[in-house]
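A.B. asks: just coords:
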């Protein structure tokens with residue numbers, strides 16, 4: 001019996017050490033992820049996610065999935081997320097039967113455009129001579145989220161926010177990619 005107790009105790013100590021080692025590796029990986037997430041947030045450059053994931057893999061390959069998830073959630077998805085473009089977590093409405101087509105009359109209206117002049121860009125903070133009226137929920141996102149675009153709601157002044165021309169252009173590229181992703185998801189041509 002003493003031998004069995006000693007073996008049980010040794011196994012318990014070994015398992016506890018493995019848990020501690022795994023936790024230490026996860027902590028190291030999380031520290032690396034935190035560093036690169038901060039860089040990603042400071043600059044808006046999503047490429048900073050790459051060294052964070054690589055650093056975590058060096059710490060312990062078993063933690064790579066955890067750190068990748070932490071970067072995507074804690075980092076907010078980088079610039080695309082700040083511009084209102086959903087990431088891979090987006091779940092489209094299953095009732096969508098055709099690809100998005102921008103509805104007429106959804107704006108931006110003259111009143112919406114006037115409302116954002118002199119306001120800082122919600123993505124970068126810049127104020128330019130001609131700010132762009134950006135829908136708080138992009139039309140294409142609303143369409144794939146709900147199956148329709150509420151033109152009346154999207155035409156209201158409070159449905160928009162200010163973007164500088166540069167961020168508006170970037171958002172357009174990200175939304176174009178999002179729209180292609182949704183077309184592929186639904187099998188639309």
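C.D. replies: Thanks, I have it. Bear in mind that the values here come from a model prediction, so they are computed numbers and not experimental data.
A.B. asks: low-confidence stretches in this structure?
C.D. replies: Scanning the chain for pLDDT under 70 picks out 1-30, 32-33, 36-37, 49-50, 52-79.
A.B. asks: 50 - rerun?
C.D. replies: The chain contains residues with pLDDT under 50 at 61, 63-76.
A.B. asks: next SSE after the strand or helix carrying residue 162?
C.D. replies: Taking DSSP states H and E as the criterion, the element that holds residue 162 is strand 160-163. Moving toward the C-terminus from strand 160-163, the first helix or strand encountered (DSSP H and E) is helix 165-186.
A.B. asks: just the strands from this structure, written as ranges.
C.D. replies: Along the chain, counting by DSSP state E, strands occupy 132-135, 160-163.
A.B. asks: just give the strands next to the first one in its sheet, each with its orientation.
C.D. replies: Looking at strand 132-135 with DSSP bridges, its paired strands and their directions are strand 160-163 (antiparallel).
A.B. asks: show me what the partner strand is in contact with.
C.D. replies: Outside strand 160-163, the residues that touch it by C-beta atoms under 8 Å, 6 or more residues apart in numbering are 83, 107-108, 112, 115-116, 119-123, 127, 131-136, 171. All C-beta atoms are positioned from the backbone trio N, CA, C, and that covers glycine.
A.B. asks: then stretch 89-96?
C.D. replies: With C-beta under 8 Å, 6+ apart as the contact definition, stretch 89-96 has outside contacts at 141, 143, 144, 145, 146, 147, 178, 182, 185, 186.
A.B. asks: same thing but 10 Å
C.D. replies: Outside of stretch 89-96, the residues that reach it under the criterion C-beta atoms under 10 Å, 6 or more residues apart in numbering are 72-73, 77, 86, 141-148, 178, 181-182, 185-186, 188.
A.B. asks: in that stretch, what's buried?
C.D. replies: Within stretch 89-96, the residues that qualify as buried are 92, 96, counting by 16 or more other C-beta atoms under 10 Å.
A.B. asks: now do the end-to-end distance for it.
C.D. replies: The distance separating the two terminal residues of stretch 89-96, taken as C-alpha to C-alpha, to the nearest Å, comes to 18 Å.
A.B. asks: and what of stretch 114-130?
C.D. replies: Between the start and the finish of stretch 114-130 there is a gap of 10 Å, counting by C-alpha to C-alpha.
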